[in-house]
Each structure stands twice: as C-alpha cells, then as structure tokens.
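K.L.:
dropping a prediction and its sequence here:
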Amino acid sequence: MQVETIFIDGPLVITPKVFKDPRGYFMESYNKQSYSNIGIDEDYVQDNQSLSEKGILRGLHFQAPPFDQGKLVRVIKGAVLDVIVDIRKNSPTYGKHYAIELTEENFKTFWVPSGFAHGFTTLADQTIFSYKCTNYYNQASEGGLMWNDPDLGIDWGIQNPILSDKDTKNALFKDFISPF
C-alpha cells in the first residue's frame, strides 16, 4: 500500500494495492498488521455505512472526549469530497481544513484521527460511504461545525447541498470552544 502525509500532522491518505483482471478486482481493504506498521495501531469498535444521493452533505461532525473517535473512511460505491478541520487547540494547523476526493475508482482510504471535525458531500448518486471508528457513538458527546462557515472557507464544490436539520444548527468556528 502507498501512504501519503498531508500538510496537517496526523491524517494519512492510504492507497491499497488493487489486483485487477478481466473478472474484476481484489484488494485488502483493511489489515491490522499493515496499518500498525504505518503507525495506525487502533482497535475499531464500530463500523458505519451510509447511502446517499448526489448533493447530500453530512458534517462537519466530531465526538468530544472521552468518546472521541478516530475514523478510517472510504467509498465503496460512488464518490465524495471528504473534508476535515483540525480542532486540536494546540496544533499549529488549528482551524485549517483539508479536502480529498474518495471514489470507488481511486480506492483511497483516509485516516482521520481524533481531534478533527469531519464531513463529506456526495458527488455521485447511490454513494456508499464506509467508516471504521475507534470509539462508540455517544449522542451527548456529539458536536459539529457549520459546513459553510466563512472563517473556515471550505469549497465544497456545491451551492445548495441537502442537509439534515441537525447540520443546519452546527456552531460557527468563531464561537466554537474546542474540547481537544
């Protein structure tokens, strides 16, 4: 597998080896030992999967300690623009964001450690998004940042996404007090 760092310390972009032939393809989507060798030595306790039509935006979400989560995310079918925001108070990249396209064609997996708000918008109909989590979901620990916050300046590539009611009420970054 190929591992890429980004300008923010912690997250990693992982591209697995994909073996293709006339029948289709085979890949190892997760191997604990291989991930441990690249510094991601986590125990995953919950797997989540969502199905969304094109134009859906989910995020920006996080879980506060002690229920904070690292997430290993990938697209099984379709495509997303996956976005993270560094919400670690003592980080030199606090408040900075990073976006990556994850698709069924590029097979990329994105490691999002604890301390990041995370969201995605779907770029194709019937997109299936999968994520392994290092901690259980806890509703009381749930938090979020507004997807279109002008202080974050995220270009989602979409003008009027379809949002949940919850995601229309997330905090603005200027009013946000990070639990990390």
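P.N.:
Looks like it came in fine.
K.L.:
can you show me the strands along the chain?
P.N.:
Remark: strands of the chain, listed N- to C-terminal, are 2-5, 12-15, 18-21, 24-27, 46-52, 57-63, 71-77, 79-86, 97-103, 109-112, 116-122, 127-133, 142-144; assignment by DSSP state E.
K.L.:
list the buried residues of stretch 125-135.
P.N.:
For stretch 125-135, the neighbour count (16 or more other C-beta atoms under 10 Å) marks Thr127, Ile128, Phe129, Ser130, Tyr131, Lys132, Cys133, Thr134, Asn135 as buried. No exception for glycine: its C-beta is placed from N, CA and C like everyone else's.
K.L.:
ditto for stretch 85-93
P.N.:
Val85, Asp86, Ile87, Arg88, Ser91.
K.L.:
distance of the third one relative to Thr5?
P.N.:
This means Ile87. 19 Å (C-beta to C-beta, to the nearest Å).
K.L.:
grab the most central residue of the chain for me.
P.N.:
Geometric centre of the chain, nearest residue: His118, 4.9 Å, by C-alpha atoms, centre = their mean.
K.L.:
what bridges to that one?
P.N.:
His61, Ile84 (DSSP bridges).
K.L.:
and the pLDDT at it?
P.N.:
According to the model's per-residue confidence, His118 sits at a pLDDT of 98.
K.L.:
Gln139 versus the residue located most distally from the centre of the chain, what's the distance?
P.N.:
What lies farthest from the middle of the chain is Pro22; by C-alpha atoms, centre = their mean that is 31.9 Å. When distances are taken as C-beta to C-beta, Pro22 and Gln139 turn out to be 47 Å apart.
K.L.:
again with Gln2
P.N.:
From Gln2 over to Gln139 the distance is 37 Å, taken as C-beta to C-beta.
K.L.:
now Gly157
P.N.:
Remark: distance between Gly157 and Gln139 (C-beta to C-beta) = 30 Å.
K.L.:
got the contact list for Tyr35?
P.N.:
By C-beta atoms under 8 Å, 6 or more residues apart in numbering, Tyr35 lies in contact with Asp41, Glu42, Leu72.
K.L.:
related to what we said a few turns ago, most widely separated two among the buried residues of stretch 125-135?
P.N.:
For those, with distances taken as C-beta to C-beta, the pair at the greatest spread is Thr127 and Asn135 (24.7 Å).
K.L.:
can you list contacts of stretch 44-60?
P.N.:
72, 76, 83, 85, 117-137, 144-147, 156, 158, 160-164, 167, 170.
K.L.:
now with 6 Å, please.
P.N.:
85, 117-122, 124-125, 127-133, 136, 144-145, 147, 161-163 (C-beta atoms under 6 Å, 6 or more residues apart in numbering).
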